[in-house]
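3D model of this:
(4 chains, ligands or ions: 4)
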Amino acid sequence: MPREMMFAEAIAVAITEEMQRDANVVFYGQNMAMTDRDPFVRKFGKDRVRITPISETAELGIAVGAAMMGLRPIVELYMSEFMLVAFDEVINEAPRLRYMSGGQVKVPTVFKAGFGFAAGWAGQHSNCIYGPLMGIPGLKVAVPSSAADALGLMKSAIRDDNPVVYLHHYMLMLDKCPVPDGDYLVPFGVADIKRAGTDVTIVATAWMVKKSLAAAETLAKEGISAEVIDPRTLSPLDTKTIIESVKKTGRLVLVDQAPKHASAAIVIAGEVAEQGFKYLKAPVKMVTALDTSVPYSEPMESFVLPSEEKIISAVKSVVGARVAAD
Amino acid sequence: MPREMMFAEAIAVAITEEMQRDANVVFYGQNMAMTDRDPFVRKFGKDRVRITPISETAELGIAVGAAMMGLRPIVELYMSEFMLVAFDEVINEAPRLRYMSGGQVKVPTVFKAGFGFAAGWAGQHSNCIYGPLMGIPGLKVAVPSSAADALGLMKSAIRDDNPVVYLHHYMLMLDKCPVPDGDYLVPFGVADIKRAGTDVTIVATAWMVKKSLAAAETLAKEGISAEVIDPRTLSPLDTKTIIESVKKTGRLVLVDQAPKHASAAIVIAGEVAEQGFKYLKAPVKMVTALDTSVPYSEPMESFVLPSEEKIISAVKSVVGARVAAD
Amino acid sequence: MPNSSQLSRDRLIWMYTQMCRIREFEERVKRTFVEHPGVIRGHAHLADGAEASIVGCLATRQENDLVMPSYRCHGYPLVLGTPARALMAEIYQRKDGVCKGFGGSMHLADPTRHFPTASGIIGQGIAHAAGAAYAAQVKKTGQVIYSFFGDGSSKQGAFYETLNMAAVWKLPVVFVLENNEYQAYTHVSLEDANAKAGDPLSQKAKAFSIPGVTVDGTDPLKVYDAVGTAVDRARAGEGPSLIESKFYRMSPHGNAITVPPVPTQFQEHESIEVYGNKAEFEAAKKNDPIGKFRAHLIGNGTFADADAKKIEESVRAEMEDVVKFALASPLPSPADALNYVWA
Amino acid sequence: MPNSSQLSRDRLIWMYTQMCRIREFEERVKRTFVEHPGVIRGHAHLADGAEASIVGCLATRQENDLVMPSYRCHGYPLVLGTPARALMAEIYQRKDGVCKGFGGSMHLADPTRHFPTASGIIGQGIAHAAGAAYAAQVKKTGQVIYSFFGDGSSKQGAFYETLNMAAVWKLPVVFVLENNEYQAYTHVSLEDANAKAGDPLSQKAKAFSIPGVTVDGTDPLKVYDAVGTAVDRARAGEGPSLIESKFYRMSPHGNAITVPPVPTQFQEHESIEVYGNKAEFEAAKKNDPIGKFRAHLIGNGTFADADAKKIEESVRAEMEDVVKFALASPLPSPADALNYVWA
Ligand SMILES: Cc1ncc(C[n+]2csc(CCOP(=O)(O)OP(=O)(O)O)c2C)c(N)n1
Ligand SMILES: Cc1ncc(C[n+]2csc(CCOP(=O)(O)OP(=O)(O)O)c2C)c(N)n1
Ligand SMILES: [Mg+2]
Ligand SMILES: [Mg+2]
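Numbers count the residues shown, from 1 in each chain, chains lettered A, B, ... in the order given. Ligands and ions are numbered 1, 2, ... in the order given. Next comes the predicted model:
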């Protein structure tokens, strides 16, 4: 019997269950586990659950070193941009040490961070940093869009023997959905068809899945049937499911909260241009953030970010192309 | 009368000329300007030319602060990966402060680094980090492929009022070519057609331009006419010139030294899938590094990286597609 | 040598007034979350408790000296002369904001008044300050740069790297480590090795062979003397100093982090909310820098209770006007967002 | 308490032998650039000059203690028992290399012999070492972790952040700052504020309230005593220490950086090549740790000149075989590159 769960809760449940299952899982970060009353400290003790200084390089580097020696550290980073001060650890240490050692070590660690907080956090705290993480061999990237995926992907991330960046979207943290009972794992590299459709394929991640589903709902009322696909992990990327869908619909709209050249959307567009070209009946269309930093003030912030309306009009433009072509 | 110049020399000449022109240009970094005998120190003195500790965050942060106060710092970083320990400064400070301040400040600084050293430097020192830099509004990225471009782009970078990451490819540093006389500037955002052709468009950057031109030469002998385009700056990206070319050739091969999902190639492929779809007569084809870190040993390193042969066979596969379609 | 005992009556009253302005401004920011929910977005960090430290520092400034704070940046521009209206308007997302609504609470800036920018990322502003000092050095402007950052921020690599470079380059910068005992919800003793060992954080200066001084940041005159000495040293070309200014942050770290449309507000201080240590908070309240300085000035005859009340009243009136102005200021147009990406 | 005066004759001879092995190995690496151009690619960094420091440190090790060096990592695994053949084969890009040709000189690793990995990026390995120490602490293995890094590396944020965290968490790690006077071509006095002020770099320990000691790194017995004390402290759960081990790098930073096919080699030491300071280099040569230790052991009757010669001869023979083995070992197959990307 599935449990109803909030996104934030689902992550906590996943971490708790994995820490119960495996004594090597440790969990630390800034501004957590301050006192003995912290629920994780109470359950797992001060060795396995710790508070850290504002020292992301040391936090991530320590995770890498500890992972090589058999722990499975989860580092709580809060906001994904805080990884940037320690980006070498994320893309040039954790994913490379195994390879450089000729397979002698492995680095099972999870870097957990929220992202995309579209609520007036302005230029430095509202970004989507998965783009730069997608092309790093040895690094996996999970980006859940529902509580169920959040739980299942976190469990898979913790059990994965590779470093994983796990990014949860701030705007989804209070959203609820049913989560399957039992030891629920979502495999990496398997996209999820969040809504089936026949006229157009929409690929989106995290918050943009929610917006795309809303857009699909509206479009359905106008007789346009949109299939909404969430890759769920951006590395490995399930290009196959996307191309299967394009084969059916002939149209592809990619929705992404990042500016276009920093987006996962454009990577997927490139893959489809190479591997799925023959199925396309219209140009690929991207709905991304405009090419600006994220401004503080609400009217400007909204203007810059993708919206349901922008998705709808993008879909109509590529579906309209059919009318001309067919 | 154009001067014959080595790539490395061209960069030094550009910096020297700009330092002569503008007293606000300063130049510092690790392992340079050690003694008073250093040619830059001799010319410009110890205030404007300095040696630094291994402190990339401070080095780049100081550049950002100094730039806001009217200097135009060039930071010598040697290898592009060393930017990763200070990546926040590159993508979350330098390009955002102007925007967040509502246009009150500007941050004219150049972060100069070599990259792509395919000579046994192994997993952490051989990478191409332009991918993550392409989608950062407020940040420009220059990637010259010849001594002339190296000189002209460096001069433009120094005069630009925005932060610029200037990436020069190690494997090209000793290559010579004629450089136009006088105050030679290469504008940003203007791709260069390095070789004109009619059957296929090849887009490549830095060392890959050299390899693509060699491939084009071989292909010409077999009757295939390849147009080779070098965007020269990845931000701003001159999509227009690329699409104009695709309009003519109907075929696009993208060559990039980075793994596919970290490449500029896939970004360009995505843009063409959106804006140039109707001109494509065959699927876009990418020739990138394989999805591994760069291994130390030569046979493995060569296997992983794009080569003339791989470019030739990619071109043939898309040109072959014409035969079927036309 | 700076000597606070030689400060003029006018200057002392100016200092008290600025302290009151900061406090009242921050009170109004805080009240806005209750009185006008939604008007302030994102994350706002207040300077109540820091008034003596801020004003004691900035009272040592000369005309063109620069001020480079962190994201907790409301207090400094008030002292520098930025109109409080433009600051509040910025925090309220308005077109009349000092950054036209692009920056918000964490990213105020007023370069014309010697406050170039503030970064929201821990530690980076310290390097930016050193960079401004490098520019001053190269251009021989005679400026000193004041770099402000928190106790928690002194655990970021940027802090150490920058202090070393500033020392080697003898940059004209004064590093003010505002030790308000907390980094967000974390007490300093949980994350700083000096603090855990009972040593002052100013001891970090030894890693750079520069002067390191700890000062009572609740007393603007002590701050004035300590920082003034460091400023003299910097201006004389002798390089940077590290001042640990100790005070207590009176409000919680910032408004609670919530997901819209769930309303956000300031909760109780972490000492109570997180650590259940009401005594600590009550002691800090008793040691409130404004009350102490007021009593001191009355005690030494600088002004009378009635004078102080008049100041406080006028400050209240100023900030009442400021809130009204900011509320009435228009929001930016959506497409304004396309400005200022490129210089 | 470790006491080098109680080291057995066998142990002292073992120490001398290891020092000779490191020196001879590095000499052979260096000669390879002349005798077999192209066989070594990328950038190789030698440990000649560091032998006393390395061996003095590792002589304090207990069975499972871990060693985490930087990219200048040839010396340590030789002492830990990694076959020199596998190390040279790695540096020669061979399939029989300790990392199968994936890592090369900068990225040796032999986890089975307690050398997990080396990072080529400055400072990061210091954090990895603390991470290994955290694992030891959680798993209660009783291990101590030896973290090695250079004088230059102590200017990277990772160094400071890690030492603070290690101190707060009382991690069982000993931080050995190998001060060989240079970071690449830069003399330490040009880039370190302590050095510029004439203070020892071990003073940085004050920033973390941990013990900081400077030791003569050309004397393996002094190193043994200083590091041994720190190891005891770490093993007792009292946390980390910072040891500054002072010695001189005898070779230049690494082989000259060139673009293929231009051949690369080791040039003259930077003291001469860059600074024109031949006297400095000559003084260092006179202070060669190997010659000094040899004289010491002969002087106190541990062995005779003839015994020493026998050791040196056998070491030469070992390394001659090592070079032959490595040259004969096959290169990896191109498609091997697809291995080990994912665990
Ligand atoms: C690199 C980085 N990590 C984490 C944060 C989140 N953060 C914002 S403020 C803050 C606390 C800072 O504390 P302190 O330096 O003591 O300054 P205070 O807020 O007390 O003035 C933290 C951890 C950040 N902004 N940047
Ligand atoms: C972050 C970073 N910046 C720069 C470099 C380039 N680099 C490699 S070795 C080296 C010098 C290191 O000197 P030191 O720490 O004293 O160690 P030593 O080589 O003397 O053993 C530098 C600057 C690097 N590898 N990583
Ligand atoms: Mg604080
Ligand atoms: Mg050194």
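
mind listing the strands for the chain?
Using chain A here. Along chain A, counting by DSSP state E, strands occupy A:3-6, A:25-30, A:49-52, A:72-79, A:110-115, A:140-142, A:164-169, A:176-179, A:192-195, A:200-204, A:226-230, A:233-235, A:252-259, A:285-289.

correction: the question concerned chain C.
Under the criterion DSSP E, chain C contains strands at C:66-68, C:145-150, C:173-179, C:182-183, C:186-187, C:212-216, C:241-246.

near ligand 1, which residues of chain A?
A:Gln30, A:Ile54, A:Glu56, A:Phe82, A:Val85 (Cβ under 6 Å from any ligand atom). For the C-beta atoms, the positions are set from N, CA and C on the backbone; glycine is no exception.

quick one, grab the pLDDT at the third one.
Translated: A:Glu56. Looking at A:Glu56, its pLDDT is 98.

show me which residues of chain C sit near ligand 1.
Listed as neighbours of ligand 1 in chain C under the rule Cβ under 6 Å from any ligand atom: C:45, C:72, C:120-122, C:149-153, C:178, C:180, C:182-184, C:249, C:253.

okay, the residue of the stretch 1-150 of chain C found nearest ligand 2 and A:Met6: tell me how far apart.
Closest residue of the stretch 1-150 of chain C to ligand 2, Cβ to the nearest ligand atom: C:Ala127 (15.3 Å). The spacing between C:Ala127 and A:Met6, counted by Cβ to Cβ, to the nearest Å, is 39 Å.

between the two, point out the one with more neighbours.
Using other Cβ atoms under 10 Å in any protein chain shown as the criterion, C:Ala127 and A:Met6 rank with C:Ala127 on top: 34 against 18.

what sits closest to the more buried one if chain neighbours are left out?
B:Gly61 (2.3 Å; Cβ to Cβ, 6 or more residues apart in numbering or on different chains).

for that neighbour, the count of nearby residues, please.
Applying other Cβ under 10 Å, we find 30 residues neighbouring B:Gly61.

so which of the residues of chain C next to ligand 1 are in helices?
Within these, no residue falls in helices by DSSP state H.

now stretch C:75-85: how far from the chain's centre is it?
11 Å (Cα atoms, centre = their mean, to the nearest Å).

is it up against chain B anywhere?
No: remark: stretch C:75-85 sits outside contact range of chain B, by Cβ under 8 Å from any Cβ of the partner chain, the gap being at least 11.6 Å.

check which residues of that stretch are buried.
Buried residues in stretch C:75-85, defined by neighbour count with 16 or more other Cβ atoms under 10 Å in any protein chain shown: C:Gly75, C:Tyr76, C:Pro77, C:Leu78, C:Val79, C:Leu80, C:Thr82, C:Pro83, C:Ala84, C:Arg85.

need the distance between the two termini of it.
The first residue of stretch C:75-85 is 13 Å away from its last residue (Cα to Cα, to the nearest Å).

ok, now stretch A:188-195?
Taking Cα to Cα, the first and last residues of stretch A:188-195 lie 19 Å apart.

give me the contacts around it.
A:140, A:142, A:145, A:149, A:153, A:156-157, A:160, A:209, A:212-213, A:216, A:226-233, A:236-238, A:241-242, A:245 (Cβ atoms under 8 Å, 6 or more residues apart in numbering or on different chains).

try it again with 7 Å
For stretch A:188-195, contacts defined as Cβ atoms under 7 Å, 6 or more residues apart in numbering or on different chains pick out A:140, A:142, A:156, A:160, A:209, A:213, A:216, A:226-233, A:236, A:238, A:241-242.

now do stretch A:203-217
By Cβ under 7 Å, 6+ apart, stretch A:203-217 touches A:116, A:143, A:145, A:169, A:171-172, A:194-195, A:197, A:202, A:226, A:228-231, A:242, A:252, A:254-257, A:264, A:268, A:306-308, A:311-312, A:315.

any idea how far that stretch is from the chain center?
With Cα atoms, centre = their mean, you get 13 Å for stretch A:203-217.

which parts of the stretch 201-326 of chain A sit against chain B?
When proximity is defined as Cβ under 7 Å from any Cβ of the partner chain, the stretch 201-326 of chain A approaches chain B at A:258-263, A:266-267, A:269-270, A:272-274, A:277-278, A:280, A:283-286, A:291-293.

quick one, what contacts the residue nearest to C:Lys292 when sequence neighbours are not counted?
Closest residue to C:Lys292 apart from its sequence neighbours, by Cβ to Cβ, 6+ apart: C:Thr218 at 6.3 Å. Contact partners of C:Thr218, counting by Cβ under 7 Å, 6+ apart, are C:Ala52, C:Phe247, C:Asn287, C:Pro289, C:Lys292.

same deal with A:Val253?
With contact set as Cβ under 7 Å, 6+ apart, A:Val253 has these partners: A:Val200, A:Ile202, A:Lys285, A:Val287, A:Ile311, A:Ala314, A:Val315, A:Val318.

now do 8 Å
Neighbouring residues of A:Val253 by Cβ under 8 Å, 6+ apart: A:200-203, A:226, A:284-287, A:311, A:314-315, A:318.

if I look at it, how far off is ligand 1?
From A:Val253 across to ligand 1, the span is 35 Å (Cβ to the nearest ligand atom, to the nearest Å).

can you count the residues close to the closest residue to A:Pro163 other than its chain neighbours?
Closest residue to A:Pro163 apart from its sequence neighbours, by Cβ to Cβ, 6+ apart: A:Ala94 at 3.7 Å. Counted with other Cβ under 10 Å, residues neighbouring A:Ala94 total 28.

so chain A: which segments form each domain?
A:3-179, A:192-319 (automatic domain parsing).

could you dump the strands of chain C to a markdown table with mean neighbour count?
Converted to a markdown table, the strands of chain C look like this (neighbours: other Cβ atoms under 10 Å in any protein chain shown):
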| stretch | mean neighbour count |
| --- | --- |
| strand C:66-68 | 27 |
| strand C:145-150 | 28 |
| strand C:173-179 | 29 |
| strand C:182-183 | 24 |
| strand C:186-187 | 24 |
| strand C:212-216 | 20 |
| strand C:241-246 | 26 |
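
distance to chain D and mean pLDDT for those - can I get that in JSON lines?
Output for the strands of chain C, formatted as JSON lines (distance: least, Cβ to the nearest Cβ, whole Å; pLDDT from 0 to 100):
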{"stretch": "strand C:66-68", "distance to chain D": "19", "mean pLDDT": "98"}
{"stretch": "strand C:145-150", "distance to chain D": "14", "mean pLDDT": "98"}
{"stretch": "strand C:173-179", "distance to chain D": "12", "mean pLDDT": "98"}
{"stretch": "strand C:182-183", "distance to chain D": "12", "mean pLDDT": "98"}
{"stretch": "strand C:186-187", "distance to chain D": "11", "mean pLDDT": "98"}
{"stretch": "strand C:212-216", "distance to chain D": "9", "mean pLDDT": "98"}
{"stretch": "strand C:241-246", "distance to chain D": "10", "mean pLDDT": "98"}
